[in-house]
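Student: Sequence first, predicted coordinates after that:
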Amino acid sequence: MGAAVGVGKGPRSDINITPLVDVVLVLLIIFMVLTPLMEKEIAVRVPEDVDKNEPVPPPDPNDQQWLLKVDAQGKWLLNGTPYDDAAIIEPLKTAFHQAKAKGDPVIFFDADDKAKYVRAVKALDAIRDSVGGTGWTIGMMTEKLDDQAAAAGAPGAPAPAAPTK
């Protein structure tokens with residue numbers, strides 16, 4: 001702190017640090033609030049770039065694909081079969097072992113826009129708990145299947161050919 005001595009009314013050359021301290025304290029509070037939120041991590045595997053000219057082979061129609069859906073009422077459907085909270089673990093274990101026998105176990109997850117967030121998170125927890133942690137590769141479905149593909153059964157299944165005249 002300094003005191004002005006004398007009669008000079010000109011500009012002062014000392015630094016006012018009060019605004020600096022205010023800014024530093026606000027930043028400290030922000031980091032104190034955000035630090036606990038940053039401790040949780042989710043591993044995300046992003047697809048690599050593919051050559052646009054290279055044709056993608058169609059999926060094998062004999063492969064069983066798994067879809068866990070949460071509908072608007074919060075009910076869980078595994079490949080169209082409804083299950084409740086306690087009964088979903090055993091079918092998911094069976095599905096995991098069937099998928100693991102054919103290679104990388106992949107399950108698709110789709111939550112209805114009107115489904116409660118808690119139900120969607122519980123469904124994801126059920127997938128994780130069915131194998132005791134890691135094991136499933138979860139494919140998040142972000143686009144709705146059209147009626148023809150949904151009628152064909154599996155996600156990613158090619159739509160039936162359009163009728164010819």
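Tutor: Sure, I can see it.
Student: Surely K69 is in a helix?
Tutor: No: K69 is assigned strand when assessed by DSSP: H, G, I helix; E, B strand; the rest coil, not a helix.
Student: State which helix of the protein is the longest.
Tutor: Determined from DSSP state H, the single longest helix within the chain is helix 18-34.
Student: Off-centre distance for that helix?
Tutor: Computed by CA atoms, centre = their mean, to the nearest Å, the separation of helix 18-34 from the middle of its chain amounts to 32 Å.
Student: what's the answer for stretch 128-138, then?
Tutor: From the chain centre to the centre of stretch 128-138 is a distance of 14 Å (CA atoms, centre = their mean).
Student: Could I get the buried residue list for it?
Tutor: For stretch 128-138, burial by neighbour count (16 or more other CB atoms under 10 Å) applies to 130-131, 136. In short, each C-beta sits where N, CA and C put it, glycine included.
Student: For P105, grab phi and psi.
Tutor: The phi/psi pair for P105 (degrees, to the nearest 10) reads phi -70, psi 110.
Student: tell me the mean pLDDT over the longest helix of the chain?
Tutor: On average, the pLDDT along helix 18-34 is 93.
Student: where does this structure dip in pLDDT?
Tutor: The model of the chain has pLDDT under 70 over residues 1-8, 39-42, 50, 59-63, 145-165.
Student: center of it - which residue?
Tutor: In the chain, the residue lying closest to the centroid (CA atoms, centre = their mean) is M140, at 6.5 Å.
Student: for the residue nearest to R45 when sequence neighbours are not counted, what are its contacts?
Tutor: Sequence neighbours aside, T137 is the residue nearest to R45 in space, at 7.7 Å (criterion: CB to CB, 6 or more residues apart in numbering). Listed by CB atoms under 8 Å, 6 or more residues apart in numbering, the contact set of T137 reads 45, 104-107.
Student: Quick check on T137: phi, psi?
Tutor: The phi and psi torsions at T137 (degrees, to the nearest 10) take the values phi -100, psi 120.
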